[in-house]
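Visitor: Pasting the sequence and the predicted model now:
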Amino acid sequence: MSTSDASAASFRPTLSRPRHGRMIAGVCAGIARRFGWDPTVVRIVAAVSILLPGPQIIAYLVLWALMPNDRD
């Protein structure tokens, strides 16, 4: 790994909930920011996934509880 690769990796956003731009708890916005995705797409995927059977709501609540808020 070169020096530029190491420095680029160190600037990757951490998994945290933003204080601005959140809809409900900021979980989808935090995931989108961490991976460089569009928050709207993540929110749509999360909303559609709730229609499928599985523990999506529990996973969202767990992430809400475990993901820290951004520092100011």
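Guide: Looks like it arrived, so ask away. Numbering: from 1, shown residues only.

Visitor: List the buried residues for whatever helix or strand residue 65 lives in?
Guide: Here residue 65, judged by DSSP states H and E, is contained in helix 56-66. For helix 56-66, burial by neighbour count (16 or more other Cβ atoms under 10 Å) applies to 60, 63. To be clear about C-beta, it is placed using only N, CA and C from the backbone, and glycine gets the same treatment.

Visitor: Contact partners for residue 13?
Guide: Contact analysis of residue 13 by Cβ atoms under 8 Å, 6 or more residues apart in numbering lists 33, 34.

Visitor: my guess is it is in a strand, correct?
Guide: No - assessed with DSSP: H, G, I helix; E, B strand; the rest coil, residue 13 is coil; it does not lie in a strand.

Visitor: Could I get the average pLDDT for the helix holding residue 65?
Guide: Mean per-residue pLDDT for helix 56-66: 95.

Visitor: try stretch 42-53
Guide: Rounded mean pLDDT across stretch 42-53 is 95.

Visitor: which residues touch that stretch?
Guide: Under Cβ under 8 Å, 6+ apart, the answer for stretch 42-53 is 23, 27, 28, 29, 31, 32, 56, 57, 60.

Visitor: Which two of those have the greatest separation?
Guide: Spatially, the most separated pair among the contacts of stretch 42-53 is 32 and 57, at 18.9 Å (Cβ to Cβ).

Visitor: Give me the secondary structure label for residue 44.
Guide: Applying three-state DSSP: residue 44 is helix.
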